[in-house]
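Peer 1: For reference, the sequence and a predicted model appear below.
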Amino acid sequence: MFVDQRGSNETITRAEVEYALDWYLKRLLGPWLAARCYVRLIHREFDAKNDKATAKAYFINNKDPRRFLIELSTKLKKAPVLRALAHEAVHVKQFAQGQLWDAKGSEGLVCWKKRTVREKDYNYRQRPWEKEAYRVERLLYAAYKRHKEKEKIIF
Ligand SMILES: [Zn+2]
């Protein structure tokens, strides 16, 4: 994985953010595909109304979606940062494996597992890609904590 990290969060080191994202992506994508992902990761302030992480994919071309943007709110503390990062890593996996696409140019249209879906037909938490992201983020984050303890990794 190549990461271009911008900004910072005072509750967690940049080194740990990069390590955790790399660890998540290797678990989700395997080392071969994870090594070929490029992620621009930005720590920034969000509007109060929209105070959560977002992930977006940059497409190099329609068959090679391996460039991503992840934005993380600077208001999150360490554990929520690691959890939000796990959540966004699941979206990166969905994009990188071609399960999820932004149907470019068509507002609110998304391609999920080869079906075109209108985002507003679902409540946010009921969207199938969000259901997967929320389910897997919990497992990933727990596995990451166990890994750090077992390997005695300290940042
Ligand atoms: Zn999400």
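Peer 2: Arrived safely.
Peer 1: which stretches of the chain form strands?
Peer 2: Along the chain, counting by DSSP state E, strands occupy 2-6, 38-44, 54-58, 67-73, 100-102, 109-112, 115-118.
Peer 1: Least reliable of those by average pLDDT, please.
Peer 2: If the strands of the chain are sorted by mean pLDDT, strand 54-58 sits at the bottom with a mean of 70.
Peer 1: circling back to that earlier point, just send the strands of the chain back as a markdown table, with mean neighbour count and distance to Lys145 too.
Peer 2: Yep, even glycine has a C-beta here, placed from its N, CA and C like the rest. Shown next, in a markdown table, are the strands of the chain (neighbours: other CB atoms under 10 Å; distance: least, CB to CB, whole Å):
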| stretch | mean neighbour count | distance to Lys145 |
| --- | --- | --- |
| strand 2-6 | 14 | 21 |
| strand 38-44 | 17 | 20 |
| strand 54-58 | 17 | 22 |
| strand 67-73 | 21 | 18 |
| strand 100-102 | 20 | 27 |
| strand 109-112 | 16 | 30 |
| strand 115-118 | 12 | 33 |
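Peer 1: wait, which of these is closest to the ion?
Peer 2: The ion lies closest to strand 54-58 among the strands of the chain, at 6.8 Å (CB to the ion).
Peer 1: Need the nearest residue in space to Leu33, chain neighbours excluded.
Peer 2: Closest residue in space to Leu33, ignoring its immediate chain neighbours: Ala96 at 6.1 Å, by CB to CB, 6 or more residues apart in numbering.
Peer 1: number of nearby residues for that neighbour?
Peer 2: For Ala96, the neighbour count with other CB atoms under 10 Å is 22.
Peer 1: List the residues that contact it.
Peer 2: Neighbouring residues of Ala96 by CB atoms under 8 Å, 6 or more residues apart in numbering: Leu29, Leu33, Cys37, Pro65, Arg66, Phe68.
Peer 1: at 7 Å instead, please
Peer 2: Going by CB atoms under 7 Å, 6 or more residues apart in numbering, Ala96 touches Leu29, Leu33, Cys37, Pro65, Arg66.
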